[in-house]
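Colleague: no sequence on this one, just coordinates:
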């Protein structure tokens, strides 16, 4: 995949976040503080502007610029956490002009590890990790098993959705929702929900043929 | 939703513009969203920077001034500031003696201040941090993000600020802040939810006969829902939770804080109950604040914060302060 593919991913993610803004904010109102959709949308809007103002030359640069912009514009926990996802992926992809499915899978795995370190959350804590970690594993497994790229991404999307769904009955142990204790059980985690959107956007970028 | 705003997206910038006009002792950098005391940086004095989501006014901008904060970084409503903002504020108040960050224990605040502190260190600015985590409503803190930082933030900002004003070095100012946190506990009660401007409707539903016990300061629901009750009972629920966690005795500093939508008369009624509770336990409300200090937009309700005083802490509390929201002795 070339830089265009990654820019297409970010564009698709930005559109999905804008379209999902109200839903994410509603999910956050139930167990957090009702700003997740609004904040992420503000961040991704700034990312689109940054990518237009300073067109990246490499996939790594596109992702690093995305991550840095999210950290600078979002605030809250989601700014540093999503910022770290993209910055870490950018760091792993480095300055190569093109990247392979293997490298992308490795980059996503490194991003999940970096977010776990930063936020101190693990799978089962009812956070974005509950969607991102299974998606990352599914992508790596499928790529290693020699699946076609689109199929590997389908597996990642399915795993992210399943991870977010599996977290619904759990009790949150990190982030704002953790303060609700038992009362957080039965609600979908807004961070897991936004992660599903971002993984799904990756699949959408692969279909739009800009590889 | 009826609110005195022009556009939900402009709430913070327009509020800062008004604050700058109303308080000539402050210097407001609207572009970077930082409220400075006009004299900052003060040469040789430890700088104090705090910040967090907007919607808690007067926290933190209202506590910028002589004897308290040197700068405040307001984020979007209920959203922590971004690292760039904190870095800019930190550099702006560094008078050569280093800067103390006072951070409430919410994941977003912690992460953004941590990133900012690392960036400042790379630029050669000495930074220490005090993490405020006083909320006893968070019972199993080992399994959560830890106790939230709420009302004790005001105490830590005032007492560390007084020490910094007196010329104490960074390590000592940080230690005083930590001591305040260690000796302080809070508990909050909501009678209504609040309405975040960008969301446009209440953050949760609360029936006319219900209250939320153990709320934080972001309009999030608390740890339990209960039937509405007279002020006496609600004050006792709060004080029992505080006392169970940190037995109260001796002189204490008490804040009965309004969440933004509660009349002062009701807060005084709560304060009378709190004072009666303290006397029963053999503690004395030696110093007190009653009013809106750490709000949740338009939420009705109160929080109570208690700090077990020492002679030194009392003297620092009594030291002169001149900010928009706290002002005495000067």
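Modeller: All right, it came through fine. Fair warning: this is a prediction, and the values are worked out from it, not measured in the lab. Residues are numbered from 1 along each chain as shown, chains lettered A, B, ... in the order given.

Colleague: What residues does chain B have near chain A?
Modeller: B:53, B:75-84, B:106-108, B:111-112, B:115, B:137-140, B:143-145, B:148, B:196, B:198-199, B:203-204, B:216, B:218-221, B:223 (Cβ under 8 Å from any Cβ of the partner chain). For the C-beta atoms, the positions are set from N, CA and C on the backbone; glycine is no exception.

Colleague: Give me the three-state assignment for residue B:254.
Modeller: strand (DSSP: H, G, I helix; E, B strand; the rest coil).

Colleague: Kindly report the same for the one 3 residues further on.
Modeller: Remark: residue B:257 carries the secondary structure label strand [criterion: three-state DSSP].

Colleague: That one reaches residue B:294, doesn't it?
Modeller: Yes: using Cβ atoms under 8 Å as the test, residue B:257 is close enough to residue B:294 to be in contact (5.4 Å).

Colleague: can you list the residues of chain A near chain B?
Modeller: A:25, A:29-35, A:38-39, A:42, A:71-81, A:118-119, A:172-176, A:178-181, A:183.

Colleague: Can you flag which of those residues belong to helices?
Modeller: Among those, the members falling in helices (DSSP state H) are A:25, A:29-31, A:38-39, A:42, A:71-73, A:78-81, A:118-119.

Colleague: what two of those are the furthest from one another?
Modeller: Farthest pair in these (Cβ to Cβ) is A:30 and A:72. Separation: 28.3 Å.

Colleague: Poorly predicted segments of chain B, please.
Modeller: Applying pLDDT under 70 to chain B picks out residues B:140-142, B:219-221.

Colleague: Give me the buried subset of the residues of chain B next to chain A.
Modeller: The neighbour-count test (16 or more other Cβ atoms under 10 Å in any protein chain shown) marks B:53, B:75-84, B:106-108, B:111-112, B:115, B:137-138, B:144-145, B:148, B:196, B:198-199, B:203-204, B:216, B:218-221, B:223 as buried among these.

Colleague: from the residues you listed, which ones fall inside helices?
Modeller: Per DSSP H, these map to helices at B:83-84, B:107-108, B:111-112, B:115.

Colleague: For the spatially most central residue of chain B, what are phi and psi?
Modeller: Residue closest to the average C-alpha location in chain B (Cα atoms, centre = their mean): residue B:153, at 3.9 Å. Main-chain torsions, residue B:153, degrees, to the nearest 10: phi -60, psi -40.

Colleague: Tell me who's in contact with it.
Modeller: B:50, B:59-60, B:102, B:104, B:132, B:134, B:294 (Cβ atoms under 8 Å, 6 or more residues apart in numbering or on different chains).

Colleague: farthest pair in these?
Modeller: For those, and using Cβ to Cβ, no pair is farther apart than B:60 and B:134, which are 15.7 Å apart.

Colleague: Tell me the secondary structure at residue B:296.
Modeller: Per three-state DSSP, residue B:296 ends up coil.

Colleague: ok, it - contacts?
Modeller: Contacts of residue B:296 by Cβ under 8 Å, 6+ apart are B:55-56, B:190, B:194, B:215, B:217-219, B:259-260.

Colleague: do the same with residue A:85
Modeller: Contacts of residue A:85 (Cβ under 8 Å, 6+ apart): A:67, A:111-112, A:114-115, A:132, A:198.

Colleague: in what helix or strand does it lie?
Modeller: For residue A:85, the host element (DSSP states H and E) is helix A:78-93.

Colleague: do the same with residue A:121
Modeller: Counting by DSSP H and E, residue A:121 is found in no helix or strand.

Colleague: swap in residue B:290?
Modeller: Using DSSP H and E, residue B:290 falls in strand B:283-291.

Colleague: got the contact list for that strand?
Modeller: Here strand B:283-291 has contacts from B:154, B:248-258, B:264, B:267-268, B:271, B:274-275, B:278, B:309, B:314, B:317-318, using Cβ under 8 Å, 6+ apart.
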